[in-house]
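> no FASTA, just this:
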């Protein structure tokens, strides 16, 4: 396409953006119009992509970080022949693939769900990292981002990560239209302000008029010829560009144009330009997923092993057995034990330093390229990345997250280091799996099993040593549980997981000594939960005590109730959990203070059984 | 103190850090030792603080962002005479005020809890903002931060915010000891790398040898004389400085010294230096909290008003009634309606742009200075700040958080914009209050009530209009509920909140028409929950249906169960919630697809009642 055709294509993308939003009665046409020329030049001149084969390993990758500009993306799909005009006009309607914000669940050409701002560049870094370090492929990663979203710290975590990894296959195209949702951004059209920041973080920068197609073309060329560092193209644009009524005006964010017909006329009417997007170069696929047999580490009953140690050893073994497993950690690999993997598979280990949002985003990007990422930090610090976890679930991304140092059992370090909300946070994520092992063999099996699941999978590990209670060949299906004590006379069921399992066993022994036979269930699969076993226990024993090293809301206790929320009779229940704000103390003192140690469990069980006797 | 005495003081702080960690058997002495000279000069030469009157309005404010260096902080308290040597050696023990990471819950001189890295500077910005913009006081805010934690994006949100607000009362002291927990940082001792970043974000920077007390003194002086911008002092230091065995060595993070006695000897032994900290200048206290009567907005029954609109209007009115109310928003004030407050009280409105972590951190800083902050964004985007919310609860900070556009009822924008995990997230925070109003008058009353509560208070608002069903003088106590339909013959109870209340009422009407009388409870106080009313309903009707616009885990349904988890008989229960990943669709289509509209509620209720008849 020549200059004139590129200009025309930009106008077509604007017109189609306006039409899509008008048909929907909602959407963000003005945010689409500012970036239309940037998109036109990319699509027609630089992107290498086979829309018929989105999985082609040579395809460039495009991420629309400003996901609300979805009309522009869909208009581009139409121009490329990937969708037709009829589908374009289904925008935002029930059942349409063209959602308000694009998601890979619905559209094969979308790499990652966006719509929470400041996430596109972080995920793009993960994809670029895959291309450069793991796949050693030649594809480029283009991220179109807004200016407003550069206020998100996650963008600067990404900037730091990309420069440190010398990701010269990554281009950030910043649509500096100077207007956020409610008004002007901090820096308006001061391109230098953004350039200074990117440069300080180690990026190459290009400043450009974002409506001059030839200048844009040169800027993309400069980005592609830059070696050793990523490039940020800072493009001065106007929101609503090309339509007098809305151009560069405040108060019009996220609103269809009032007079769409006149606007379309001002832009020269509806066009039917088709872009012949460059074919991707021939490329080899990812290397084979399985490179050897899987030999998990084994421990004997009675050993004392921290589940975090078992995690690290199992992950290292999994990395040997599977060539598609990648590990990431947030500068605490000596604590999470991800270092065991890092030492054995340094080529597939990504050190993310203290930047949990970027760690999860990079994992999402790696998953988008077919890797099976395991990202670890303290359970407490995964809260830092909750929005990224949430958006990963919108993407349908297959990501393994591992939170160590869970609960008050951490001990002296105090509450800032204790994951006490992580089970609630992870359970509430759609389609998630939440696992909480109590011993080393169980941990190892679950680490291997996680790899094959869909969606977000969370594994909670503990700091201190705990006794190995299962043999190394025991199976631990997701959605299952283990009944550790059981008899026909059980008068009570204790439901525990992780560090509270040994406590529950000790409590059961104490109660048995008093003539109260007690069932004990190890609920290592917190979500999905083993409904049948819990219902059987309720039927057999009539009452349940749940005990968890977590705040009372949203954790193990609530998970158990899942088994009874379909209208069936519910057993009598007591929930033991961490109800206070812990301070510093030894792990044993912490469990006692929280009322979740063996003594407290036995006391609660005794009381519940006595209540049952005297109704 | 002269140079020699400052050097001695630095050594004393090191020795006492080593002693505290040795007594505890855990802790971070080497991270304390790198910053000891920075602390010594600050304490003896520049800090203005009355340890007997921590609430003195003229006191400087000190934030230890690298909270794990708590031994250094406590050693400084001892040198200032605030604690004695005996207390110093209680470090990290059960019941001690000297926790592993400092918290204001326990110590009056601590401004905010730290220990999750990258939070000190963001909160410090909030405090400095109070000093400069709201209190117009002369105090300075000193934040001692590590180098490793500069990888956190939140630090750059804070840097941006501070420079934008010209906070020349803020000094970041960066202890560049080049070593993180697991090894070297990305930039090692490259002070320029950090200086470039801070300068690009608009800060003044000073590079200094962090063990040269005279140079440090000059650097502090330069920071204090810098006008119009904050200053970052980049100090080259050595981890474990002064003890040959550990100085500048990897693998020693978070470990007491192996040979503490020899180390203390190498540092010249235990000293008893006392520092006479400068008195703060005379200062006036914050202006009076109440500046007028509170006149909340009023709506008549039958009006259609979005609860987010009611929030904005009520907050503006509250701001008129109370001079201590401050509002913050993350660049969506036109959506959350915080703009109503911003227009009426621009002096007490803080625009945080798209930086939710910084928004919550600034709110925590403002709360530390006695303000009553209300921070708002979409409920979905509060997930971005979860670690800050968690840490705010560790601080015991009194912060109001408001999440708008909750649930699938958002409609066409799709799942990225829908808060579907927010209730779970906020309920799991220790000591939190979670409120979810269904009409405008209820919203207004709750907005006013929130101001007087302790801890984290969360209000969930909705995008679309909803009918006003309460009179403007109705009361809505926290921990209460409203029974909207009730009779002696009720065979079922529907428990709803927010957008599902009108749906539940319609379902109840439909069921009543079929001869099934139904009780309806508006559970606007999700935490704490109205146990008595729920128990009464369970007793009267035998079965409950909960219905919520939220994922099934951790929300309203789990909150209801709180009333029954003490061993008492539990009613039969059905939980209706958003069990799928929504796409784009109209609000009504969304509620129907999720099975939480009137029709779905009636169907579930019918089934449950039929089950009850045939046991």
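Everything's here; your move. It should be emphasised that the depicted structure is a prediction, and the values quoted were computed from it without experimental measurement.
> residues near residue A:431, how many?
16 (other CB atoms under 10 Å in any protein chain shown). C-beta here means a position set from N, CA and C on the backbone, and glycine is covered the same way.
> which other helices and strands contact the helix or strand of chain A with the lowest mean pLDDT?
Ranked by mean pLDDT, DSSP states H and E, the weakest helix or strand in chain A is helix A:598-613, scoring a mean of 90. Packing partners of helix A:598-613 (3 or more CB pairs under 8 Å, 6 or more residues apart in numbering or on different chains; DSSP states H and E): helix A:500-513, strand A:543-547, strand A:572-576, helix A:587-594.
> which of the residues in it are buried?
By neighbour count with 16 or more other CB atoms under 10 Å in any protein chain shown, helix A:598-613 contains the buried residues A:598, A:600-602, A:604-606, A:608-609.
> rewinding a little: out of the helices and strands packed on helix A:598-613, which one sits most buried?
Of all these, strand A:543-547 has the most neighbours on average by mean count of other CB atoms under 10 Å in any protein chain shown, namely a mean of 27.
> against which helices or strands is it packed?
When contacts are defined as 3+ CB pairs under 8 Å, 6+ apart, strand A:543-547 sits against strand A:493-496, helix A:500-513, helix A:531-541, helix A:556-561, strand A:572-576, helix A:598-613.
> where does pLDDT dip in the stretch 501-615 of chain A?
A:612-615 (pLDDT under 70).
> who in it is up against chain B?
By the rule CB under 8 Å from any CB of the partner chain, the part of the stretch 501-615 of chain A lying against chain B is A:527, A:543, A:551-555, A:557-559, A:561-562, A:564-575, A:580-581, A:583-586, A:589, A:593, A:607-608, A:611.
> are any of these buried, and which?
In terms of neighbour count (16+ other CB under 10 Å), the buried residues within these are A:527, A:543, A:551-555, A:557-559, A:561-562, A:564-565, A:567, A:570-575, A:581, A:583-586, A:589, A:593, A:608.
> pull out the buried residues from stretch A:263-274.
The neighbour-count check on stretch A:263-274 (16+ other CB under 10 Å) flags A:263-264, A:266-267, A:273 as buried.
> right, I mislabeled it, should have said stretch A:296-312
A:296-297, A:299, A:305-312.
> so can I have JSON lines of those showing secondary structure, distance to chain B and pLDDT?
Converted to JSON lines, the buried residues of stretch A:296-312 look like this (DSSP: H, G, I helix; E, B strand; the rest coil; distance: CB to the nearest CB, whole Å; pLDDT from 0 to 100):
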{"residue": "A:296", "secondary structure": "coil", "distance to chain B": "25", "pLDDT": "97"}
{"residue": "A:297", "secondary structure": "coil", "distance to chain B": "22", "pLDDT": "98"}
{"residue": "A:299", "secondary structure": "coil", "distance to chain B": "25", "pLDDT": "98"}
{"residue": "A:305", "secondary structure": "strand", "distance to chain B": "21", "pLDDT": "98"}
{"residue": "A:306", "secondary structure": "strand", "distance to chain B": "16", "pLDDT": "98"}
{"residue": "A:307", "secondary structure": "helix", "distance to chain B": "19", "pLDDT": "98"}
{"residue": "A:308", "secondary structure": "helix", "distance to chain B": "14", "pLDDT": "98"}
{"residue": "A:309", "secondary structure": "helix", "distance to chain B": "15", "pLDDT": "98"}
{"residue": "A:310", "secondary structure": "helix", "distance to chain B": "19", "pLDDT": "98"}
{"residue": "A:311", "secondary structure": "helix", "distance to chain B": "16", "pLDDT": "98"}
{"residue": "A:312", "secondary structure": "helix", "distance to chain B": "13", "pLDDT": "98"}
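> which of those residues lies closest to residue B:410?
Nearest to residue B:410 among those is residue A:311, at 37.6 Å by CB to CB.
> hmm, stretch A:455-467 touching chain B?
No: remark: stretch A:455-467 sits outside contact range of chain B, by CB under 8 Å from any CB, the gap being at least 9.7 Å.
> give me the mean pLDDT for that stretch.
Stretch A:455-467 carries an average pLDDT of 98.
> you'd agree residue A:73 is in a helix?
Yes: per DSSP: H, G, I helix; E, B strand; the rest coil, residue A:73 lies within a helix segment.
> report the contact partners of it.
Contacts for residue A:73 (CB atoms under 8 Å, 6 or more residues apart in numbering or on different chains) come out as A:39, A:64, A:102.
> for the last one, which non-adjacent residue is spatially closest?
The spatially closest residue to residue A:102, leaving aside those adjacent along the chain, is residue A:110, at 4.6 Å (CB to CB, 6 or more residues apart in numbering or on different chains).
> tally of neighbours for the one you found?
25.
> per-residue pLDDT, it?
Residue A:110 carries a pLDDT value of 98.
> that one and residue A:98 touch, don't they?
No: contact criterion CB atoms under 8 Å: residue A:110 and residue A:98 do not qualify, at 10.6 Å.
> gap between the residue nearest to residue A:582 when sequence neighbours are not counted and chain B?
Excluding the flanking residues, the one nearest residue A:582 by CB to CB, 6+ apart is residue A:408, at 4.8 Å. Distance, residue A:408 to chain B, by CB to the nearest CB, to the nearest Å: 11 Å.
> okay, now residue A:408: neighbour count?
Neighbours around residue A:408, by other CB under 10 Å: 29.
> cool, residue A:516 as well?
Neighbour number of residue A:516 under other CB under 10 Å is 18.
> do the same with residue A:54
16.
> over to residue A:474?
Neighbours of residue A:474 (other CB under 10 Å): 12.
> hang on, it is in a strand, isn't it?
No: checked against three-state DSSP, residue A:474 lies outside a strand; its state is coil.
> give me every residue that touches it.
A:441-442, A:445.
> what do you get for residue A:155?
A:118, A:121-122, A:145, A:149, B:153.
> what's the helix or strand for it?
Assigned by DSSP states H and E, residue A:155 belongs to helix A:153-164.
> quick one: whichever helix or strand comes after that helix to chain centroid distance?
Going down the chain from helix A:153-164, the next helix or strand is strand A:170-176, by DSSP H and E. Averaging C-alpha positions (CA atoms, centre = their mean, to the nearest Å) puts strand A:170-176 22 Å from its chain's average.
> then stretch A:31-41?
28 Å.
> repeat that for stretch A:246-263.
The answer for stretch A:246-263 is 34 Å, by CA atoms, centre = their mean.
> nearest spatial neighbour of residue A:313, skipping sequence neighbours?
Nearest to residue A:313 is residue A:297, by CB to CB, 6+ apart, at 4.3 Å.
> my bad, residue A:182
With CB to CB, 6+ apart as the criterion, residue A:182 has its nearest non-adjacent residue at 4.5 Å, and that residue is residue B:334.
> pick out the residue of the stretch 151-300 of chain A closest to chain B.
residue A:153 (2.4 Å; CB to the nearest CB).
> quick one, grab the pLDDT at that residue.
Reading off the model, residue A:153 has pLDDT 98.
> nearest residue to it in space, please, no chain neighbours.
residue B:153 (2.4 Å).
> give me the neighbour count for the one you found.
Residue B:153: 27 neighbours (other CB under 10 Å).
> in the stretch 1-150 of chain A, which spans are strands?
Under the criterion DSSP state E, counting those that start in this stretch, strands of the stretch 1-150 of chain A are mapped to A:61-64, A:141-146.
> all strands of the stretch 351-500 of chain A, in order?
A:372-378, A:399-404, A:433-435, A:456-460, A:465-467, A:482-485, A:493-496.
> the fourth one packs against which elements?
Judged by 3+ CB pairs under 8 Å, 6+ apart, the packing partners of strand A:456-460 are helix A:386-395, strand A:399-404, helix A:422-427, strand A:433-435, helix A:440-450.
> elements contacting the third one?
Translated: helix A:422-427. Against helix A:422-427 (3+ CB pairs under 8 Å, 6+ apart) you get helix A:386-395, strand A:433-435, strand A:456-460, strand A:525-527, helix A:556-561, helix B:422-427.
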